[in-house]
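Q: With the sequence up front, the predicted model follows.
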Amino acid sequence: MDKSFVRKLYQSHLVCPTCPSPAEVQHFFVELLGALFADFTQLAHLSEEQFTELMERLQRDLARLLQNNAATSTSSAVQLSADFFDALPTIFEKIQQDVAAMYAGDPAARSAGEVVRTYPGFYAIAAYRIAHQLYRQGIGDIPRIITEHAHSRTGIDIHPAATIGNFFCIDHGTGVVIGETTIIGDHVKIYQGVTLGALSVNKEDARRKRHPTLQDNVVVYAGATILGGETTIGHDSVIGGNVWLTRSVPPHSKIYYQAKMFNDDTNQTDMVIFK
């Protein structure tokens with residue numbers, strides 16, 4: 001084996017001696033989610049005192065993860081962890097609203113507990129809610145590790161910097177992509193294969209709003225692609241399956257593609273907008 005190569009690898013580990021590993025971050029997230037939702041992980045065998053100790057230990061675990069993040073000092077790590085756990089009741093309420101939206105929006109759902117136990121949309125949105133709070137606190141890497149963990153498990157890719165309102169529902173979910181600067185209002189529902197993406201992938205556009213805005217009460221059906229930072233889907237609109245949109249549509253729109261057949265057996269596809 002090339003010793004210079006081994007030495008190079010070793011030196012790279014010295015540069016980052018205490019970086020929190022993705023496995024540690026994922027373990028923290030799974031434990032926290034289990035503590036928040038009894039249907040996800042049963043902890044009824046614990047006494048109230050033991051459960052309190054669990055929550056206190058999770059707060060210390062987060063502080064340790066943050067302290068091991070090279071950009072965070074020991075004192076700020078403790079405070080950032082305390083701030084996150086102070087925000088936890090609000091995060092929990094938001095996730096509860098998302099569960100309610102998924103249960104109400106899917107005739108196949110038999111209970112809210114079923115949503116928590118089995119729905120990939122729950123797992124991905126819960127990961128986003130937790131990661132988004134950490135992102136808002138200015139914490140690097142860890143929010144992305146959490147959402148990428150959910151991405152690998154569910155096929156749903158939500159950037160922690162996206163802005164998502166209350167009562168958010170993802171049904172089925174596989175292949176959903178929600179980009180960094182996406183803004184989503186309240187009571188929005190999207191199906192599998194939906195992309196809320198950017199028209200440009202140039203690095204110089206990194207600080208611009210590159211992803212679309214979906215106002216309140218929008219439904220986006222499977223396979224639709226909506227691109228661009230200036231693209232706004234007006235409130236109470238319905239975007240049909242496999243629609244490709246790079247421009248805004250007004251509120252109360254219904255958009256789908258209609259294929260027209262001609263004598264020469266060629267297809268022509270038109271976008272149809274109903275108001």
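A: Structure's in. What do you need? As the structure is a computational prediction, the values presented were derived from the model and not from experiment.
Q: Who are the contact partners of Y128?
A: 147, 150, 158, 160, 162, 164 (Cβ atoms under 8 Å, 6 or more residues apart in numbering). Using the backbone N, CA and C atoms, a C-beta is placed for each residue, glycine as well.
Q: Just want the phi and psi numbers for the fifth one.
A: Phi and psi for A162, reported as degrees, to the nearest 10, are phi -60, psi 150.
Q: what sits against the residue nearest to it when sequence neighbours are not counted?
A: Residue nearest to A162 in three dimensions, not counting chain neighbours: T182, with 4.4 Å by Cβ to Cβ, 6 or more residues apart in numbering. Taking Cβ under 8 Å, 6+ apart, we find T182 in contact with 159, 162-164, 196, 211-214.
Q: burial count for C16?
A: Each residue near C16 was counted by other Cβ atoms under 10 Å, and the total is 9.
Q: one step back: same list, the contacts of Y128, but as a markdown table with neighbour count, pLDDT and secondary structure please.
A: Formatted as a markdown table, these follow (neighbours: other Cβ atoms under 10 Å; pLDDT from 0 to 100; DSSP: H, G, I helix; E, B strand; the rest coil):
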| residue | neighbour count | pLDDT | secondary structure |
| --- | --- | --- | --- |
| T147 | 25 | 98 | helix |
| A150 | 24 | 98 | helix |
| I158 | 29 | 98 | strand |
| P160 | 23 | 98 | coil |
| A162 | 20 | 98 | coil |
| I164 | 20 | 98 | strand |
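Q: can you pull the buried residues of stretch 130-146?
A: 130-135, 137, 139, 141-146 (16 or more other Cβ atoms under 10 Å).
Q: ah, wrong one, I meant stretch 197-210
A: In stretch 197-210, counting by 16+ other Cβ under 10 Å, buried: 197-198, 209-210.
Q: and if you look at stretch 40-53?
A: F40.
Q: try stretch 88-104
A: 88, 91, 94-95, 97-99, 101-103.
Q: One more: stretch 29-38?
A: Those would be 29-30, 32-37, for stretch 29-38 by 16+ other Cβ under 10 Å.
Q: which of the contacts of T182 are buried?
A: Of the contacts of T182, these count as buried by 16+ other Cβ under 10 Å: 159, 162, 164, 196, 211-214.
Q: Thanks a lot, catch you later.
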